[in-house]
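Participant: the sequence and its predicted three-dimensional model are supplied below.
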Amino acid sequence: MTALKEHIIRHIEENGPISLADYMGMCLYTEDEGYYMHGMPFGKDGDFITAPELTPLFGEMLGLWVAATWQQMGAPESFCLVEFGPGRGTLYTDMLRAIGKALPQCLNALEGHLVDISPNLRQHQQTTLQGALPTIKWHSSIADVPFNKPTIVIGNELLDAFPVEQYEQVDGKYYQRLVTTENDTLKLTRADEPSEVESLAEVTEQSPAMENFLAELRDHLERAPQAAALLIDYGSEKAIAGETLQALRKHKYEGIFDTPGQADLTWHIPFKRVCDILGDTHSVVTDMALFLTEIGYNIRAEQALRAARTPEEKEHIEATTHRLIDPNQMGAHFKVLGWCSDNLKQLQGFQHCYADSE
């Protein structure tokens, strides 16, 4: 039994059942013992691999997208590039490298901002990004980020780290799922009274924490002189019916109560709800494969293949491109949301979305 599991059991025994969101928050963000507050979850030696950890080409292409968006903004003398949940800084590093090679004046105008709640991960980011820019500022909250100049926001696998609630339908009414204890173990139970939930599914999920963040992000983006954002995550453009909360440890799935604080807890993002909050007139969503193809990922991968020095390097480029682009891999399962202020009109990578809406 993990130390955090003992702590959660003791907390429930003393205070009563807790919501799934509270449980997920304790598992991920408890000081010193929470999953994101210690260790290094990313990479082959961690519990999961994100797209930037698969290949630097992913971050490089997002960097070129940032540079193109900066040009759309009229190449302002100064702008903010903000990443929420930057992991160990791999994506930000790759973006900066590509921007510097393709458009040095864009890099010179760039003011770096990274937002992460974990002191442990911020330390890794500071090591990774040392010397990458004259000044990079770290923040623990969106409230600390300035939006007083043109701003571009990146969030890769950010939203699925927000705690989620579950509601179960019983006799036509929805009851919140709670976490309780039994014989020194954790288990699910239900609230005594029903909740006001609109759904047709047997089980439905909601994340007040994510929705509050998105509303705050929207307000900040709308106050900026110009703004654009990319949010990339596992999920669906349609409403998601059923439960998706899962635990991942050492690249394998396990029960959500097995090893609290040692496994990642994540869920599938309902991008329709994300667009509802950020504003449908500002937001578009597409498959990651379509987005990457439109911004030229396949062309860049072909260039990398021609420059490959060994069969192993060539095989890695082919394998990672397949994983990112193939619809049966990350290509269709991951979605990309683009947000832009009225004075930008359209974003690269979403041309087909704008054409479909005309």
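Facilitator: Yep, it's here.

Participant: so L4 touches E31, yeah?
Facilitator: No: contact criterion CB atoms under 8 Å: L4 and E31 do not qualify, at 10.6 Å. The C-beta positions use only the backbone N, C-alpha and C, and glycine is treated the same way.

Participant: M73 - how many residues pack around it?
Facilitator: 21 (other CB atoms under 10 Å).

Participant: who are the neighbours in contact with it?
Facilitator: 79, 150, 226, 228, 344 (CB atoms under 8 Å, 6 or more residues apart in numbering).

Participant: now do it against T151, distance only.
Facilitator: 9 Å (CB to CB, to the nearest Å).

Participant: list residues touching both of the two?
Facilitator: 79, 226, 228.

Participant: those residues in strands, which ones?
Facilitator: Among the shared contacts of M73 and T151, the members falling in strands (DSSP state E) are 79, 228.

Participant: highest neighbour count among the shared contacts of M73 and T151?
Facilitator: Busiest of the shared contacts of M73 and T151 [other CB under 10 Å] is A228, holding 26 neighbours.

Participant: how about the helix or strand encompassing N212: buried residues?
Facilitator: Assigning secondary structure by DSSP states H and E places N212 in helix 208-223. By neighbour count on 16 or more other CB atoms under 10 Å, the buried set for helix 208-223 is 209-210, 213-214, 217-218, 220-221.

Participant: also stretch 235-245?
Facilitator: Across stretch 235-245, burial judged by 16+ other CB under 10 Å covers 235-236, 240, 243-245.

Participant: what does stretch 171-188 give?
Facilitator: Result for stretch 171-188 [16+ other CB under 10 Å]: buried residues 174-181, 186.

Participant: which one of those residues is nearest S283?
Facilitator: The closest of those to S283 turns out to be Y174 (CB to CB; 27.4 Å).

Participant: what packs against whichever strand or helix holds that closest one?
Facilitator: Using DSSP H and E, Y174 sits within strand 173-182. Under the contact criterion of 3 or more CB pairs under 8 Å, 6 or more residues apart in numbering; DSSP states H and E, strand 173-182 touches helix 3-15, strand 18-19, helix 20-29, strand 165-170, strand 185-190.

Participant: SS state for L248?
Facilitator: Per DSSP: H, G, I helix; E, B strand; the rest coil, the secondary structure class of L248 is strand.

Participant: hang on, the earlier thing: any chance you could list what contacts the helix holding N212?
Facilitator: Contacts for helix 208-223 (CB under 8 Å, 6+ apart): 21, 25, 142-143, 145, 147, 151, 153, 159, 162-165, 227, 229, 269, 273-274, 277-279, 339, 341.

Participant: which ones among those residues are found in strands?
Facilitator: 151, 153, 165, 227, 229, 269, 339.

Participant: okay, now the unreliable bits of the stretch 251-358 of the chain?
Facilitator: 356-358 (pLDDT under 70).

Participant: of L4 and E31, which one has the most company?
Facilitator: L4 (19 against 9).

Participant: ok, that one - contacts?
Facilitator: By CB under 8 Å, 6+ apart, L4 lies in contact with 26-27, 30, 33-34, 260-261.

Participant: L290 contacts A355, doesn't it?
Facilitator: No: with contact defined as CB under 8 Å, L290 does not reach A355; the gap is 12.0 Å.

Participant: quick one: which of the two has more around it?
Facilitator: L290 (20 against 9).

Participant: what's the neighbour count on E318?
Facilitator: A count of neighbours around E318, defined by other CB under 10 Å, yields 14.

Participant: what sits against the residue lying closest to it once chain neighbours are set aside?
Facilitator: Leaving aside its sequence neighbours, E318 sits nearest to L305 (CB to CB, 6 or more residues apart in numbering; 7.1 Å). Counting by CB under 8 Å, 6+ apart, L305 touches 314, 317-318.

Participant: next, give phi and psi for the residue lying farthest from the centre of the chain.
Facilitator: For the chain, the residue at maximal distance from the C-alpha centroid (CA atoms, centre = their mean) is N183, at 36.1 Å. The phi and psi values for N183, taken as degrees, to the nearest 10, are phi 50, psi 50.

Participant: any idea how far I9 is from it?
Facilitator: Distance from N183 to I9, by CB to CB: 10 Å.

Participant: my read is that P56 contacts D94, right?
Facilitator: Yes: using CB under 8 Å, P56 makes contact with D94 at a distance of 4.8 Å.

Participant: hang on, the earlier thing: which of the helices and strands packed on strand 173-182 is buried the deepest?
Facilitator: Each of these was scored by mean neighbour count; the highest is helix 20-29, a mean of 22, by mean count of other CB atoms under 10 Å.

Participant: quick one: it to helix 3-15, angle?
Facilitator: 150 degrees (axes from the mean of the first three to the mean of the last three CA atoms, to 10 degrees).

Participant: tell me the mean pLDDT for helix 20-29?
Facilitator: For helix 20-29, mean pLDDT rounds to 96.

Participant: let's have the chain start at 874 instead
Facilitator: In the new count, where the first residue is 874, that last one comes out as helix 893-902.

Participant: what lies in contact with that helix?
Facilitator: 877, 880-881, 884, 891, 907-910, 990-991, 1034, 1036-1039, 1050-1052, 1059, 1061, 1080-1082, 1118, 1133-1134, 1136-1138.
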